[in-house]
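Novice: Take a look and give me a structure for this.
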Amino acid sequence: MAHVSDLIATDIEQYLRQHEKKSLLRFITCGSVDDGKSTLIGRLLYESKMLFEDQLAAVEADSKKFGTQGDQIDFALLVDGLAAEREQGITIDVAYRFFSTDKRKFIVADTPGHEQYTRNMVTGASTADAAILMVDARKGILTQTRRHSYLVSLIGIRHVVVAINKMDLVGYAEPIFREIVEDYRAFAAQLGLEGITFIPMSAFKGDNIIAPSDNMPWYHGTTLMGYLETVEVDDCRMQRAAFRLPVQWVNRPNLDFRGFAGTIASGVVKPGDRIRVQPSGRESTVARIVTLDGDLAQAVAGQSVTLTLADEIDISRGDVISTVEAPAEVADQFECTINWMHDEPMLAGRPYLLKIGARTVTATITDIKYQVNVNTLEHVAVKKLELNAIGVCNISLDRPIAFDAYRDNRDTGGFILIDRLSNNTVGAGLLHFALRRAHNIHLQHVDVNKQARAALKNQHGCVLWFTGLSGAGKSSIANLVEKKLHALGHHTYLLDGDNVRHGLNKDLGFTDADRVENIRRVAEVAKLMVDAGLIVLTAFISPFKSERRMARGLVEEGEFVEVFVDTPLEVAEARDVKGLYKKARRGELKNFTGIDSPYEAPEEPELRLDTTRLDLDAAADTVLAWLEARGMLVR
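Specialist: Sure thing, here's the model as predicted:
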């Protein structure tokens with residue numbers, strides 16, 4: 001069964017044509033530490049004759065230096081490429097390897113077993129059609145086995161092999177194999193995993209990898225390679241699903257051609273099919289299916305094509321073209337599962353960028369319903385998700401998107417979360433369903449708008465957002481600015497941090513999660529007041545850049561004025577009007593900004609007030625002069 005073709009030497013073009021038409025199976029190996037994942041992949045590469053002589057020579061040399069198998073070849077070294085992996089004998093990063101047989105091509109991802117690398121495992125599993133879950137026959141089902149089984153079920157991998165490895169170390173005993181099978185079936189039932197295949201093997205010795213093992217005559221099932229060569233590829237299943245084409249590019253090379261390019265996520269499309277563009281809901285008919293090799297009579301899931309339509313309708317990158325008979329859903333609020341992948345925790349109320357397909361929108365985690373303990377499957381109440389945590393959350397977007405539930409379509413139901421400041425990918429998520437309120441709540445049109453209300457007051461509504469350390473003078477300056485504006489006949493309202501916590505935010509504490517929610521609520525109130533035409537002043541520490549950026553994004557361009565009351569920590573602490581710094585230094589006040597909770601200073605505020613050289617009156621006049629210069633105060 002090893003992949004050796006005479007055509008390579010005699011007719012390379014024929015060999016390449018045959019190779020091109022083979023189906024491609026993507027699969028992962030996962031399980032607990034030292035269960036033999038890398039050894040198995042190394043064995044598959046070796047048996048499929050995918051190694052060059054210099055690679056074999058190198059691994060033989062490395063086996064003597066790093067190997068764990070004595071004088072024999074350590075196949076794991078073919079995959080464990082990082083120096084840290086070889087030194088520790090573990091997998092850290094996701095390692096991808098390609099190999100092929102006469103029947104099929106394969107891409108295998110060797111995923112790490114340690115809990116701190118859960119995000120790496122999720123990354124490797126996100127594109128897999130099948131999973132090989134390694135179990136050490138000596139140890140049985142471990143906590144790590146349960147964790148990875150949960151992740152496999154969560155990500156929606158439908159084909160699972162439980163490879164009970166190292167049978168050579170337990171004397172190829174059938175009772176041990178049967179006991180592990182029964183234990184795993186009981187656990188898998190809780191996850192809803194079905195159609196599991198159990199294979200006893202030895203990756204090191206090669207038992208039941210390529211050919212049936214003479215050492216286990218009691219086993220009459222498939223070999224691992226036999227399973228991999230015949231299991232259904234996910235593309236085949238997706239071809240039977242409803243048609244979806246996420247638009248990646250609007251192809252307009254000249255005035256006479258306008259096509260919509262992308263990779264078909266699911267289903268089949270033909271010229272003449274009626275389609276619906278979402279989220280707009282406009283409908284048309286497919287005119288042509290264009291490819292580099294000419295027009296097609298039909299295209300299926302997995303193919304990259306350009307569609308032209310019979311009608312001129314507005315379609316943009318990120319839209320989804322669906323079949324009229326079974327269109328995707330459209331909503332802006334969802335329940336979802338999120339795997340958090342960043343060192344800084346995920347906080348409810350904090351805005352992130354959400355990327356689904358080719359569309360990027362602003363998303364806010366409105367509620368963390370619970371975190372899943374992946375070892376016990378217990379639901380745990382939390383206010384934030386730490387690195388590698390998995391939680392079920394409600395999420396709200398700033399605009400509707402087209403989607404399918406992840407269990408039905410990975411491409412239109414999976415997303416990533418991106419930090420708005422660093423552009424780092426911080427989380428991966430799976431959409432479950434649209435919340436009912438997403439369909440039942442709509443914006444009500446009103447005839448009197450923001451401009452009319454502001455004109456009546458002879459001013460332009462805006463937010464003066466005073467930020468700085470406790471004791472910097474935010475409230476004092478904001479109060480004086482409001483007095484001066486009021487004396488000039490302007491309509492204002494001051495939202496002060498302490499005053500708001502006596503009512504609207506009396507239920508919030510001072511943890512990072514509560515601080516985020518505190519600012520979110522204040523920003524929403526300020527937005528409503530700007531809509532009423534008021535000049536709104538807010539005096540809050542607001543220590544995090546993300547929340548100040550979120551507040552800015554709620555109002556229109558030019559309506560948000562960030563005023564950084566710039567006071568060094570030692571100066572603010574010396575003032576300590578309320579005695580809070582002393583309490584924080586004594587340990588009586590936790591999560592106090594500047595002491596044991598960070599303050600992220602603005603980088604480009606509209607106004608910077610240095611209170612070490614400006615008194616209150618001068619600082620207030622600076623703010624008024626800035627507003628006057630920009631025409632925001634009409635007299």
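Novice: At the geometric centre of this protein, which residue do we find?
Specialist: The centroid of the chain falls nearest to A428 when counting by C-alpha atoms, centre = their mean (2.0 Å).
Novice: how close does it sit to E344?
Specialist: 16 Å (C-beta to C-beta, to the nearest Å). Yep, even glycine has a C-beta here, placed from its N, CA and C like the rest.
Novice: How about L589?
Specialist: Distance, L589 to E344, by C-beta to C-beta: 23 Å.
Novice: and the residue nearest to the centre of the chain, which of the three is it?
Specialist: Here A428 is recorded as strand under DSSP: H, G, I helix; E, B strand; the rest coil.
Novice: That one: what's it in contact with?
Specialist: R119, V122, T123, S126, I338, N339, M341, G414, F415, I416, L417 (C-beta atoms under 8 Å, 6 or more residues apart in numbering).
Novice: what are the bridge partners for the nearest residue to H490 once chain neighbours are set aside, then?
Specialist: Closest residue to H490 apart from its sequence neighbours, by C-beta to C-beta, 6 or more residues apart in numbering: Q459 at 5.2 Å. Residues in a beta bridge with Q459, per DSSP bridges, are L633.
Novice: residues contacting Q459?
Specialist: H490, H491, G533, I535, M632, L633, V634.
Novice: nearest to Q444, of those residues?
Specialist: Nearest to Q444 out of the contacts of Q459 is G533 (C-beta to C-beta; 18.6 Å).
Novice: Check the gap between that closest one and R630 for me.
Specialist: Remark: distance between G533 and R630 (C-beta to C-beta) = 17 Å.
Novice: Show me which of the two is the more surrounded one.
Specialist: G533 (22 against 13; other C-beta atoms under 10 Å).
Novice: tell me the pLDDT at the more buried one?
Specialist: The confidence metric pLDDT takes the value 92 at G533.
Novice: shouldn't it be in contact with N458?
Specialist: No. Taking contacts as C-beta atoms under 8 Å, G533 lies outside contact range of N458: 9.8 Å.
Novice: all strands of the stretch 501-635 of the chain, in order?
Specialist: 535-539, 560-566, 607-610 (DSSP state E, counting those that start in this stretch).
Novice: most packed of the ones you listed?
Specialist: strand 535-539 (a mean of 27; mean count of other C-beta atoms under 10 Å).
Novice: helices or strands next to it in the packing?
Specialist: Counting contacts by 3 or more C-beta pairs under 8 Å, 6 or more residues apart in numbering; DSSP states H and E, strand 535-539 is packed against strand 462-467, helix 474-487, strand 492-496, helix 512-531.
Novice: nearest to G195, of those?
Specialist: So among the helices and strands packed on strand 535-539, helix 512-531 is nearest, using C-beta to C-beta, at 40.7 Å.
Novice: which other helices and strands contact that closest one?
Specialist: strand 346-347, helix 450-456, strand 462-467, strand 492-496, helix 497-500, strand 535-539, helix 545-554.
Novice: picking that back up, could the strands of the stretch 501-635 of the chain go into CSV alongside distance to Q371?
Specialist: Output for the strands of the stretch 501-635 of the chain, formatted as CSV (distance: least, C-beta to C-beta, whole Å):
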stretch, distance to Q371
strand 535-539, 32
strand 560-566, 34
strand 607-610, 40
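Novice: Excluding chain neighbours, give the residue nearest to A452 in space.
Specialist: Per C-beta to C-beta, 6+ apart, closest to A452 is G533, 7.9 Å.
Novice: Please give me every residue in contact with that neighbour.
Specialist: K450, A452, R453, A454, A455, L456, K457, Q459, G461, H491.
Novice: okay, now D314: neighbour count?
Specialist: When neighbours are defined as other C-beta under 10 Å, D314 has 9 of them.
Novice: thinking again about what came up before, out of the helices and strands packed on strand 535-539, which one sits most buried?
Specialist: strand 462-467 (a mean of 27).
Novice: Give the partner strands of it in its sheet and their orientations.
Specialist: strand 535-539 (parallel), strand 560-566 (parallel).
Novice: most surrounded residue in the contacts of Q459?
Specialist: I535 (27 neighbours).
Novice: Quick check: which ranges of the stretch 51-200 of the chain have low pLDDT?
Specialist: 51-94, 112-117 (pLDDT under 70).
Novice: If we use 50, what do you get?
Specialist: Residue ranges of the stretch 51-200 of the chain with pLDDT under 50: 81-92.
Novice: what are the ranges of the strands in it?
Specialist: With DSSP E, counting those that start in this stretch, the ranges of strands along the stretch 51-200 of the chain come out as 95-100, 104-110, 130-136, 159-165, 197-200.
Novice: now swap in the stretch 251-400 of the chain and tell me
Specialist: Going by DSSP E, counting those that start in this stretch, the stretch 251-400 of the chain shows strands at 257-263, 268-269, 274-278, 282-290, 299-300, 304-309, 320-323, 329-340, 346-347, 351-356, 359-372, 379-380, 384-385, 390-403.
Novice: Let me know which of the ones you listed is tucked in deepest.
Specialist: strand 320-323 (a mean of 25).
Novice: Tell me how far stretch 444-463 lies from the chain's centre.
Specialist: 39 Å (C-alpha atoms, centre = their mean, to the nearest Å).
Novice: How about the contacts made by A381?
Specialist: Counted by C-beta under 8 Å, 6+ apart, A381 has contacts Y370, Q371.
Novice: mind checking how far it is from V481?
Specialist: Distance from A381 to V481, by C-beta to C-beta: 42 Å.
Novice: what do you get for A434?
Specialist: 44 Å.
Novice: swap in M341?
Specialist: The value you get for M341 to V481, if C-beta to C-beta is used, is 42 Å.
Novice: and if you look at Q298?
Specialist: 67 Å.
Novice: cool, D293 as well?
Specialist: 68 Å.
Novice: Next: E606.
Specialist: Counting by C-beta to C-beta - E606 and V481 are separated by 14 Å.
Novice: S23 too?
Specialist: Counting by C-beta to C-beta - S23 and V481 are separated by 69 Å.
Novice: For the closest residue to D273 other than its chain neighbours, name its beta-bridge partners.
Specialist: Spatially, and ignoring its direct neighbours in sequence, D273 is nearest to V286 (4.8 Å; C-beta to C-beta, 6+ apart). Beta-bridge pairing of V286 under DSSP bridges involves L309.
Novice: My guess is V286 contacts K270. True?
Specialist: Yes. Under the criterion of C-beta under 8 Å, V286 makes contact with K270 at 7.0 Å.
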